[in-house]
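using only what follows, build the 3D model:
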Amino acid sequence: MRLRHCEDLTARIVRTWEICQERARAASIAVKLLPRAAREFVEAIDIMLDAHRSGDRTYSVLVAEK
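From the prediction side, this is the model:
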């Protein structure tokens, strides 16, 4: 495979995680009623957001050809 293009989209997706965080906080009572896996995901939103903001986690798109 040969890499044709790589683009880091991390800065563009941080706002999405911020929206998720805001909505999860606004629905905190309802979140308690969700199945355990869903609650664990919601609880991890802060961690995901921090990781993207710090650069520890990135979101990139790769385009390659064979």
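
give me the helices and strands touching the helix ranked longest in the chain, please.
The helix spanning the most residues in the chain, taking DSSP state H as the definition, is helix 10-26. Counting contacts by 3 or more CB pairs under 8 Å, 6 or more residues apart in numbering; DSSP states H and E, helix 10-26 packs against helix 45-54. From N, CA and C alone the C-beta is placed, and that goes for glycine too.

and the next helix or strand past the helix it packs on?
Per DSSP states H and E, the first helix or strand lying C-terminal to helix 45-54 is strand 60-65.

next, the angle from that following strand to helix 10-26.
Here strand 60-65 runs at an angle of 130 degrees relative to helix 10-26 (axes from the mean of the first three to the mean of the last three CA atoms, to 10 degrees).

in its sheet, what does strand 60-65 sit against?
The pairing partners recorded for strand 60-65 under DSSP bridges are strand 2-8 (antiparallel).

my guess is Ala51 contacts Arg57. True?
Yes: the pair Ala51 / Arg57 is scored as a contact, 3.7 Å apart, by CB atoms under 8 Å.

just the buried positions in stretch 20-36, please.
In terms of neighbour count (16 or more other CB atoms under 10 Å), stretch 20-36 has its buried residues at 20, 24, 31.

contact partners for the first one?
The reference is to Cys20. 45, 49 (CB atoms under 8 Å, 6 or more residues apart in numbering).

same check on the second one?
The contact partners of Ala24, taken as CB under 8 Å, 6+ apart, are 31, 42, 45.

relative to Ala38, how far out is it?
Separation of Ala24 from Ala38 (CB to CB, to the nearest Å) stands at 10 Å.

what do the two both touch?
With CB under 8 Å, 6+ apart as the test, Ala24 and Ala38 both reach Val31.

how far does stretch 8-24 sit from its chain's centre?
6 Å (CA atoms, centre = their mean, to the nearest Å).

brilliant, that's me finished.
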